[in-house]
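**Student:** Let's see this in three dimensions:
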Amino acid sequence: TSAYWDRTRADLNLGIGAVGLTHAVTLGRKTYVRSTAAVTGQRTDWTEDRLDDDLHLRPDLALRSTDVRLHLGTTVDHKLRPGTLGQAGASVQRLGYDLDLRAAPDHTPPLVPVADGEGSALLVEAFGQSRVTPAPGLDVTAGIHATHVALTGATAVEPRVGVTWAATERQAFGAGYGLHSQLEPLPVLLARVDGGQPNRDLGLTRAHHIVVGASRRLTEAVRVRVEGYLQRLFDVPVVADSAFSLLDWRQDVAFAEALVPDGAGENVGVELTVERPLRGGSYALVTGSLFRSRARGGDGVWRPTRYDQRYAVNALLGRDVRLGARHRLGLNVRLAALGGERRSPVDAAASAAAQEVVYDESRPFSERGPAVWLMDLTATLRIDGQRVSQLWSLQLKNALAAKDLALDYDLQREAVVEVTEGYPLPVLSYQLEF
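**Tutor:** Numbers count the residues shown, from 1 in each chain. Predicted coordinates for the structure are as follows:
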């Protein structure tokens, strides 16, 4: 049996919450204003006790983590003149986290701090864009997006442009370009390494996005669209002289590495979409993507990323039914087929010596896991009122009970084995619309 889990009793409590308000108003005949306010939060409490050699349960690990995000934003749409529409907006987000991770060294109590910290950051964004129609069937949208991070002082001003051309009533073409940026997670930026915070001065991760596509209406109810895209990332945080790239990073509360913005990444692919919009109470959407994802680590070598799954297929089928004048019932099913995520190969000899899983990091993400099939089922009930509307939603996530795959060391077999776990998850939500 497992050297770890058969000696361990774990208790995990997760909490996720969100509340928000949206206000929309029309000012005159040309201006529309939409404002939002939202608070989201996530809390994790995880404790582990471990049997010692005398078969006594001893504290082995304790984790408490909280993440909170506050958001305020406003967008204004204004018709400048016939054929020209302007849009501008701004938002402010306050990001905060609190982390306390303690563990027993060599499984010997008492617990000592492994990672701890708290902090917040103010993220301010603003944009302005205008859409013009210089000729019948030709639309051009151009704008500027600005981002400022108060914590690091990083600022980015980015151009974006898109063009669509309706060649015929059934055929259209489009192309777009945008420069985008992303703030990395606060536990990474504020990680303590050798008593300091070397990542505090990291800037934004940047990316050039290019997309070209064509669409065609096959019938009055069915449209098909093909798009090709290229994403080139730069200023990606990496560990110097290492294969590690933050593009491959997963939530790791014990992260404590000094990073430098010398990495790069590339995502390229093609996507086919077939869509039947809501018509006669039914709708359908099917998308299929073929893609490649790779990253350049701190050692300057390009490799596949963890998420280089190569393909993804999604299908959404739904039905809306009116139940009287005020009630509407919705039913839908979502299916997904995903290529397996990549992982580093196991070092069998090192794993046997350590009696735990040890990966061969000299060949990161050179192996691929099995493909994954997912299904979600959703039922909604909408109740329309004169001033307030209600929306009840019941989802069954992972209806096929797809299993997450992990690796563990088996003492009886003296080898690394695959461990799978996954269950259907019901989710009930309630929404008020004023």
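
**Student:** the strands in the stretch 51-200 of the chain, which residues?
**Tutor:** Along the stretch 51-200 of the chain, counting by DSSP state E, counting those that start in this stretch, strands occupy 57-81, 84-103, 112-135, 138-149, 155-166, 171-182.

**Student:** Pull up the pairing partners for the first one, direction included.
**Tutor:** Here strand 57-81 has these sheet partners by DSSP bridges: strand 31-51 (antiparallel), strand 84-103 (antiparallel).

**Student:** quick one on the thing from earlier: can you add distance to residue 382 and give the strands of the stretch 51-200 of the chain back as JSON lines?
**Tutor:** Heads up, the C-betas are built off the backbone N, CA and C, glycines and all. Output for these, formatted as JSON lines (distance: least, CB to CB, whole Å):
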{"stretch": "strand 57-81", "distance to residue 382": "25"}
{"stretch": "strand 84-103", "distance to residue 382": "28"}
{"stretch": "strand 112-135", "distance to residue 382": "31"}
{"stretch": "strand 138-149", "distance to residue 382": "32"}
{"stretch": "strand 155-166", "distance to residue 382": "32"}
{"stretch": "strand 171-182", "distance to residue 382": "32"}
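
**Student:** Compare the ones you listed and give me the one nearest residue 194.
**Tutor:** Closest of the strands of the stretch 51-200 of the chain to residue 194 is strand 112-135, at 13.4 Å (criterion: CB to CB).

**Student:** between the closest one and strand 57-81, how big is the angle?
**Tutor:** Angle, strand 112-135 to strand 57-81, by axes from the mean of the first three to the mean of the last three CA atoms, to 10 degrees: 20 degrees.

**Student:** For the remainder of this discussion, apply numbering that starts at 6.
**Tutor:** Sure, I'll start numbering at 6, so the last one becomes strand 117-140.

**Student:** so how far is residue 412 from the closest residue to residue 430 other than its chain neighbours?
**Tutor:** Leaving aside its sequence neighbours, residue 430 sits nearest to residue 402 (CB to CB, 6 or more residues apart in numbering; 4.3 Å). Distance, residue 402 to residue 412, by CB to CB, to the nearest Å: 24 Å.

**Student:** Could you do residue 236 as well?
**Tutor:** Taken as CB to CB, the span from residue 236 to residue 412 is 30 Å.

**Student:** Neighbour count: those two, which is higher?
**Tutor:** residue 236 (18 against 14; other CB atoms under 10 Å).

**Student:** Kindly state which of the strands paired with strand 62-86 is positioned closest to residue 255.
**Tutor:** Comparing the strands paired with strand 62-86 by CB to CB, strand 36-56 comes nearest, at 14.3 Å.

**Student:** Which one of the strands of the stretch 56-205 of the chain lies nearest to residue 315?
**Tutor:** That would be, of those and by CB to CB, strand 176-187, which comes in at 23.6 Å.

**Student:** next one: that closest one to chain centre, how far?
**Tutor:** 20 Å (CA atoms, centre = their mean, to the nearest Å).

**Student:** That strand pairs with which strands, parallel or anti?
**Tutor:** strand 160-171 (antiparallel), strand 210-222 (antiparallel).

**Student:** pLDDT averaged over it, what's the number?
**Tutor:** Averaged across strand 176-187, the pLDDT comes to 97.

**Student:** Could I get the CA-only coordinates of that strand as PDB?
**Tutor:** What follows is strand 176-187, C-alpha atoms only, in PDB (Å, rounded to 0.1, in the frame of the first residue of the first chain):
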ATOM      1  CA  GLN A 176     -19.900  34.800 -45.800                       C
ATOM      2  CA  ALA A 177     -17.700  36.900 -43.500                       C
ATOM      3  CA  PHE A 178     -14.000  37.300 -42.700                       C
ATOM      4  CA  GLY A 179     -12.100  38.700 -39.800                       C
ATOM      5  CA  ALA A 180      -8.700  39.400 -38.300                       C
ATOM      6  CA  GLY A 181      -7.500  40.900 -35.000                       C
ATOM      7  CA  TYR A 182      -4.400  41.800 -33.000                       C
ATOM      8  CA  GLY A 183      -4.000  42.700 -29.400                       C
ATOM      9  CA  LEU A 184      -1.200  43.200 -26.900                       C
ATOM     10  CA  HIS A 185      -2.300  41.700 -23.500                       C
ATOM     11  CA  SER A 186      -0.800  41.600 -20.000                       C
ATOM     12  CA  GLN A 187      -1.300  39.500 -16.900                       C
END
